[in-house]
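J.: Fold the following and give me the result.
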Amino acid sequence: FQNVLTSFDTLSTSLKNYWQHNQKAIGQTTENVSAMAVQLRHTLTKIDSMLNVTQTLLADVESQRGTAGKVLRNDELYQKLNDTIEQAQTILDDVKKNPAKYLQISVIRLF
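T.: Residues are numbered from 1 along each chain as shown. As a prediction, this is how the structure comes out:
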């Protein structure tokens, strides 16, 4: 029993010495952990807000509300947009090949 008491006394003294020598560092570590917890809480709040916005946007797309939802979810509108782009490209190609067909330049003589 005496050995147990001696061991306990040695352990208690060691812990006391450790605490006395490291009290400042332990306090600083505790403050740092507290500051990180506050910052993490703010970050998680922002992430939660962003997820709510994302869910709203995805719900709008899914229900075809707004331009993005209509374009992404409506095959007919998507095809019409593709057709319009192809027609515009055809016209641009033709303007490059035959500019005189679309542009008329006349020179005016002043004298």
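
J.: When you work out contacts or count neighbours from here on, use the C-alpha atoms and nothing else.
T.: Fine.

J.: which other helices and strands contact the biggest helix by length in the chain?
T.: Under DSSP state H, the helix in the chain containing the largest number of residues is helix 2-62. Counting contacts by 3 or more Cα pairs under 8 Å, 6 or more residues apart in numbering; DSSP states H and E, helix 2-62 is packed against helix 66-73.

J.: which other helices and strands contact the helix it packs on?
T.: In terms of contacts (3+ Cα pairs under 8 Å, 6+ apart), helix 66-73 is packed against helix 2-62, helix 75-97.

J.: For residue 105, which of those is the nearest?
T.: When the helices and strands packed on helix 66-73 are compared for distance to residue 105 using Cα to Cα, the nearest one is helix 75-97, at 14.6 Å.

J.: Beyond that closest one, next helix or strand please.
T.: Next along the chain after helix 75-97, taking DSSP states H and E as the criterion, comes helix 99-102.

J.: Name the residues that touch that next one?
T.: Helix 99-102 is contacted from outside by residue 95, using Cα atoms under 8 Å, 6 or more residues apart in numbering.

J.: Distance check, the most centrally placed residue in the chain against residue 56.
T.: The centroid of the chain falls nearest to residue 50 when counting by Cα atoms, centre = their mean (7.9 Å). Noted for residue 50: a distance of 10 Å to residue 56, by Cα to Cα, to the nearest Å.

J.: Next, count neighbours for residue 69.
T.: Neighbour count for residue 69, taken as other Cα atoms under 10 Å: 17.

J.: domains in this structure, as residue ranges please.
T.: According to automatic domain parsing, the chain comprises the domains 2-65, 74-104.

J.: Tabulate those in JSON lines, adding columns for mean pLDDT.
T.: Formatted as JSON lines, those follow (pLDDT from 0 to 100):
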{"stretch": "domain 2-65", "mean pLDDT": "91"}
{"stretch": "domain 74-104", "mean pLDDT": "89"}
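
J.: chain center to the longest helix of the chain, what's the gap?
T.: Put simply, helix 2-62 sits 26 Å off its chain's centre (Cα atoms, centre = their mean, to the nearest Å).
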